[in-house]
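# pasting the sequence and the predicted model now:
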Amino acid sequence: MHQLFLPAPAPTAFTPGYALVGGLMIGLSAALLWLSIGRIAGISGIIGNIFAPAERNWRLAFLAGLVVMPLAARLFGIAPTVHLQGSPSLLLAGGVLVGVGSALGGGCTSGHGICGLSRFSTRSIAATGTFMAVAVIVVLLTRAVF
């Protein structure tokens, strides 16, 4: 069934089909959340306010979807194989740095980069530019130095 929709990607190859489908799904989910309940699909904001009693249900449902849908895709054989490179401590440190950056930036890449840019938010334009610039520097340093 997997081959009917998209070719299986090589571990390091750019796969425009997966990028297009993934981007459309992310954009659609962000638009549906905004249109249905007027909320922004920024993961750090969703997780950061998970204990707000009035809005707990939609936040839990959104987060459950982030966990359940990749598992369902794997079950039906349509999920790409992901190979994480790096030691567990390096991956953990990266996750902590992303969390700190999200807190300092007042949101994450999904909130600023998808929802904020689509609303022409000046704050999101600055934050996304900063995210991208730092990502480029980290990749260059990682490949050249480490």
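On my side now, so go ahead.

# gap between the spatially most central residue of the chain and Val67?
In the chain, the C-alpha nearest the mean C-alpha coordinate belongs to Ser110, at 5.6 Å (C-alpha atoms, centre = their mean). According to C-beta to C-beta, to the nearest Å, Ser110 stands 15 Å off from Val67. In this view, the C-beta of every residue, glycine as well, is placed from N, C-alpha and C.

# then Gly111?
Distance, Gly111 to Val67, by C-beta to C-beta: 19 Å.

# now do the strands in this protein.
Using DSSP state E, no strands are assigned anywhere in the chain.

# residue ranges with poor pLDDT in this structure?
Within the chain, the ranges that satisfy pLDDT under 70 run 1-13, 146.

# what residues go with each domain of it?
By the assignment in automatic domain parsing, the chain contains the domains 1-83, 85-146.

# from the chain's centroid, how far away is the first one?
A distance of 8 Å separates the centroid of the chain from that of domain 1-83, by C-alpha atoms, centre = their mean, to the nearest Å.

# same question, the last one
Relative to its chain's centre, domain 85-146 lies at 10 Å (C-alpha atoms, centre = their mean).

# where do the helices sit along this protein?
Secondary structure of the chain by DSSP state H: the helices cover 2-5, 16-37, 43-48, 56-75, 88-105, 109, 117-118, 122-144.

# quick one, what contacts Ser111?
Not quite, residue 111 is Gly, not Ser. Listed by C-beta atoms under 8 Å, 6 or more residues apart in numbering, the contact set of Gly111 reads 40-45, 124.

# so what's the residue nearest to the centre of the chain up against?
With C-beta under 8 Å, 6+ apart, Ser110 has these contacts: 26, 30, 41-43.

# tell me, how many residues neighbour Leu24?
Burial of Leu24 is recorded as 10 neighbouring residues (other C-beta atoms under 10 Å).

# let me redo that: Leu75
Leu75 has 9 nearby residues by other C-beta under 10 Å.

# roughly how far apart are Ile78 and Ala19?
For Ile78, the distance to Ala19 - C-beta to C-beta - is 15 Å.

# which of these two has more neighbours?
Between Ile78 and Ala19, counted using other C-beta under 10 Å, the more crowded position is Ile78 (15 against 11).

# for that one, grab phi and psi.
Ile78 has phi and psi values of phi -110, psi 10 when expressed as degrees, to the nearest 10.
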